[in-house]
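# Just a sequence and a predicted model for now, questions to come.
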Amino acid sequence: MNVLLALTIATIVIVLVFEYTNGFHDAANIIATVIASRAMTPVQAVLIVGFFEFLGPMLGGTAVANTIGSFVTLDDIAPLKSLTVVLCGLIGAIAWNLLTWWRGIPSSSSHALVGGLVGVIVVSTDASHVAWGYQELLHGHISGVAKVIAALVLSPIVGFGIGFLIHRLMMLALRGAHPSINRDLRRLQFVTSAGLAFSHGANDGQKSMGILTLVLLLGGFIHSFAVPFWVMLACSCAITAGILTGGWQIVRTLGFSIYKIRPLHALDSQLTAAGVIFGASLAGAPVSTTHVVATSIMGIGASERPKAVRWGKAGEIVVTWLITIPGAALMSVACYLAVNALL
């Protein structure tokens, strides 16, 4: 086996490990409100979410994969170096995911991926190999890192606003309803949580699909950027495996530490997050499920009882969001320097 093939296989494995940690890390984001509102048992939640999570990358298209696969340009670099760079970027993102999972902090896997790749590329080559997209933005076209950052920044704001509005409308519609309505609201969460899981798979699964396809292109195993079916299947399996073994520490943060979740809050949060994430997937915009779910809960709480929202916890999450890109970048750079020292 030659060195290039061995490095390509190693990088593919690391991509799938990242996808696994993505599912592992984000499982709590999807099931937190279901568990907090007691709509499902943990086993029911994981099985239903796992099934629809698997379908997301398979049926959600490739628009996000195309965006992720094109925000870095490494085709003019020798294959061995370009694959090493991608490998170190992924390791940095994985390390950050595991660190924040261990600490029970709902950070963003999307931010970690962008930070890891951009950091190591700037250090190992130069900034020109990152498709920043700022020049295109001046001409009214959004692409590259600008598109990724815009999606990551705007989606939480949209999640907050839609969560606020939907909860107001639902409270108006259910005004005077008998408390037994909670039973129906819990049942409806079987549908909304499935929609959220599908949306998450369609968006987050495509991020690894894009990177894996880029790896195949850099290694010379495909001649154009087109996602093969086996890549979709592999990423679906990896993210689903992560969901089925997900991190429960973050359930406490999202389900209990921001706002007291009842069945209506949970339903509205799932409906909001599913709509925002799936809409972003259709537009090819990678977003953070963590961001959207957390801010939808904040928006719902703000629409009902702003003083009951634990804004201090929200502030902690925001700080984590701000440090994720530089944190993952530093980890990927450290990995690259370590690899160079060993070679």
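Perfect, I can see it now. This one's a predicted model, so the numbers in the text were calculated from it and none came from an experiment. Numbers count the residues shown, from 1 in each chain.
# what's the pLDDT at Thr100?
For Thr100, the model assigns a pLDDT of 80.
# Quick check: which ranges of this protein have low pLDDT?
The chain contains residues with pLDDT under 70 at 1, 104, 106, 246-257, 313, 317, 343.
# how far away is the closest residue to Thr192 other than its chain neighbours from Ser193?
Using Cβ to Cβ, 6 or more residues apart in numbering and skipping the chain neighbours, the partner closest in space to Thr192 is Gln270 (3.8 Å). Using the backbone N, CA and C atoms, a C-beta is placed for each residue, glycine as well. Relative to Ser193, Gln270 is positioned 5 Å away (Cβ to Cβ, to the nearest Å).
# Common neighbours of these two, please.
Residues touching both Gln270 and Ser193 (Cβ atoms under 8 Å, 6 or more residues apart in numbering) are 33-34.
# in what helix or strand does Phe68 lie?
To be clear, residue 68 is Ile; Phe isn't right here. Using DSSP states H and E, Ile68 sits in helix 63-70.
# can you check Ile105 too?
Going by DSSP H and E, Ile105 is not part of any helix or strand.
# what are the phi and psi angles of the nearest residue to it once chain neighbours are set aside?
Counting by Cβ to Cβ, 6+ apart, Ile105 lies nearest to Thr320, which is 5.0 Å off, once chain neighbours are set aside. The phi/psi pair for Thr320 (degrees, to the nearest 10) reads phi -60, psi -40.
# burial of Thr320, as a residue count?
18 (other Cβ atoms under 10 Å).
# Val191 too?
Val191, neighbours per other Cβ under 10 Å, totals 14.
# one step back: show me the residues around the residue nearest to Thr192 that make contact.
Taking Cβ under 8 Å, 6+ apart, we find Gln270 in contact with 33-34, 189, 192-193, 195-196.
# can we see that at 7 Å?
33, 189, 192-193, 196 (Cβ atoms under 7 Å, 6 or more residues apart in numbering).
# Now it: phi and psi?
According to degrees, to the nearest 10, Gln270 has phi -60, psi -40.
# which is the next helix or strand following the helix holding Ile68?
Next along from helix 63-70, by DSSP H and E: helix 79-102.
# For that following helix, could you pull out the residues that count as buried?
79, 82-97, 100-101 (16 or more other Cβ atoms under 10 Å).
# longest helix of the protein?
helix 181-218 (DSSP state H).
# Please identify the buried residues of that helix?
So, applying 16+ other Cβ under 10 Å, buried residues of helix 181-218: 182, 185-186, 188-189, 192-218.
# and which of the contacts of Gln270 is nearest Ser236?
Closest approach between these and Ser236, by Cβ to Cβ: Leu196, at 16.4 Å.
# Relative to His200, how far out is the nearest residue to that closest one once chain neighbours are set aside?
Among residues not flanking Leu196 along the chain, Ala274 sits closest, at 4.2 Å (Cβ to Cβ, 6+ apart). For Ala274, the distance to His200 equals 8 Å [Cβ to Cβ].
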